[in-house]
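Peer 1: Give me a model of this one.
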Amino acid sequence: MPRVNYRTSDIALMARMMRAEAEGEGKQGMLYVGNVIVNRLKANCLDFKNLRTVSHVIFQVQGGNYSFEAVQKGNVFYQRARSVEKNLAKKNLDYWREQPAKFALWYFNPYAPCPPTWFGQPFAGQYKNHCYYEPKGGTCDAVYSG
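Peer 2: Numbers count the residues shown, from 1 in each chain. Predicted structure coming up:
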């Protein structure tokens, strides 16, 4: 049973986002970004309430901007998904989770050392240029299940 419900079109959309956000960090980096996307879909808490589809997560607007920089700026997000990223996205949607993004709801590239918190949420770890943050204990239990 997959971690979340999804359609075939969700695989391609998620693959495009993973590529746009982390292609330079290789397959592992793209899988971590995929973890965050699935975690946001699963969470239904904090800033991520009532997100029901991969599309809702990717095109979510917060504070007047899209949540993901790749959607804001366009860059490679609007390129077609390749089979390698589609396979990674399907892997995330079905089962794959690993630290530092296993329970993360946020990530960013600070172009400096990772801060110990991000908007009050604890640092979970770093992979190459991205810092990952998971919710404070007791604030978002759904992200820790399944």
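Peer 1: hey, let's count contacts and neighbours off CA atoms from now on
Peer 2: Will do.
Peer 1: Quick one: low-confidence residue ranges for this structure.
Peer 2: Low-confidence segments of the chain, defined by pLDDT under 70: 75-76.
Peer 1: which one's the longest helix in it?
Peer 2: In the chain, taking DSSP state H as the definition, the longest helix is helix 26-43.
Peer 1: which strands and helices sit next to that helix?
Peer 2: Packing partners of helix 26-43 (3 or more C-alpha pairs under 8 Å, 6 or more residues apart in numbering; DSSP states H and E): helix 8-22, helix 54-58, helix 83-94, strand 106-108.
Peer 1: ok, 10 Å please
Peer 2: helix 8-22, helix 54-58, helix 83-94, strand 106-108, strand 121-127, strand 130-133 (3 or more C-alpha pairs under 10 Å, 6 or more residues apart in numbering; DSSP states H and E).
Peer 1: now, of those, which is deepest in the fold?
Peer 2: Neighbour counts (mean count of other C-alpha atoms under 10 Å) averaged over each of those peak at strand 130-133, with a mean of 26.
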